[in-house]
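Colleague: Need coordinates for the below:
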Amino acid sequence: MNFNESTITDCRERDGRADTERPNEIDSTLEVAKLGRGEGEPLAADTYADYPERSELTNPKNRSFLESLLSHELVQSVEDAATEMAPNRTVRARWNLTLRKAIETYELDLDDYFGGYPDETNRLKELLGFMPSDDMVDATNPLVVSELYVAGLSVAEITDVLSDHTVADAQTVEDTLKRCGLISGATAEEQVSAFEEQDGKLGGTSVATETGESESETRGLTVSANDF
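Modeller: All right, here's what the predicted structure looks like:
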């Protein structure tokens, strides 16, 4: 990890955001295709708006679309194809029936499309260049979290990548980077401690008595009997 003064300065200026000048390969690694309409990028078109309506599936002009969809590695059944195309779960069964009708109409042999499930992409390994031991894959581990942040990932992206292997949340990731000095500011724990040190009150002021006697020190708000 290139941990020099310039790197630390750049990381602090990002304040948890992604590096806009990071290599394109990082974006490609982070963009994992997911099955389901609205879940990530479309599997068989540039946008979901380009998907044909259910009534259009048996139109010969959409044969190539259907073949493209069935050929995708994440589609391993007609049910998967329906999941990718149906706008919601309640109408998925109807899409399933129409897809089967279209497949029959085009005389497509499903054995030509459905094979073994693809190997799951290990994004953490690809981003780091190695796979850390299980005890290191944690949102509190400064080495792994810092390496990902210096590589150009945002706090949210680091959380997402770690979530492939363990339970992770953005606050913990951010606090880890703050402890490493790569993000400025106090951690959530430090903020709570500072609040408790002031008895849960605001400011560090004094209380004046109604008789005008000497003020007594307090860590709370300024309160004067003359105000009541």
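Colleague: show me where pLDDT drops low in this protein?
Modeller: 1-3, 115-120, 199-228 (pLDDT under 70).
Colleague: mind running it again at 80?
Modeller: 1-4, 31-33, 40, 115-121, 194-228 (pLDDT under 80).
Colleague: show me where it has strands.
Modeller: 206-208, 216-217, 223-224 (DSSP state E).
Colleague: How many neighbouring residues does Asn59 have?
Modeller: Neighbourhood size, Asn59 [other CB atoms under 10 Å]: 13. C-beta here means a position set from N, CA and C on the backbone, and glycine is covered the same way.
Colleague: Contacts only, for the spatially closest residue to Glu67 that is not a sequence neighbour.
Modeller: The shortest distance from Glu67 to any non-neighbouring residue, by CB to CB, 6 or more residues apart in numbering, is to Leu108 (7.0 Å). Contacts were defined as CB atoms under 8 Å, 6 or more residues apart in numbering; by that measure Leu108 touches Leu66, Glu67, Leu70.
Colleague: Do me a favour and get the end-to-end distance for stretch 8-22?
Modeller: 15 Å (CA to CA, to the nearest Å).
Colleague: Now tell me what touches it from outside.
Modeller: By CB under 8 Å, 6+ apart, stretch 8-22 touches 149-155, 157, 174, 177, 181-184.
Colleague: Could you do stretch 31-49 as well?
Modeller: Contacts of stretch 31-49 (CB under 8 Å, 6+ apart): 50-51, 65, 68-69, 72, 74-75, 80, 83-87, 121, 123.
Colleague: How about the residue nearest the centre of the chain: what's its closest non-neighbour residue?
Modeller: Taking CA atoms, centre = their mean, the centroid of the chain lies closest to Asp160, which sits 3.9 Å from it. Spatial nearest neighbour of Asp160, chain neighbours left out: Leu30 (7.6 Å); criterion: CB to CB, 6+ apart.
Colleague: neighbours around that neighbour, how many?
Modeller: Look at Leu30: counted by other CB under 10 Å, it has 16 neighbours.
Colleague: same deal with Val192?
Modeller: Close neighbours of Val192, defined as other CB under 10 Å, add up to 11.
Colleague: do Glu107 as well
Modeller: 6.
Colleague: mind listing what it touches?
Modeller: Contacts of Glu107 (CB under 8 Å, 6+ apart): none.
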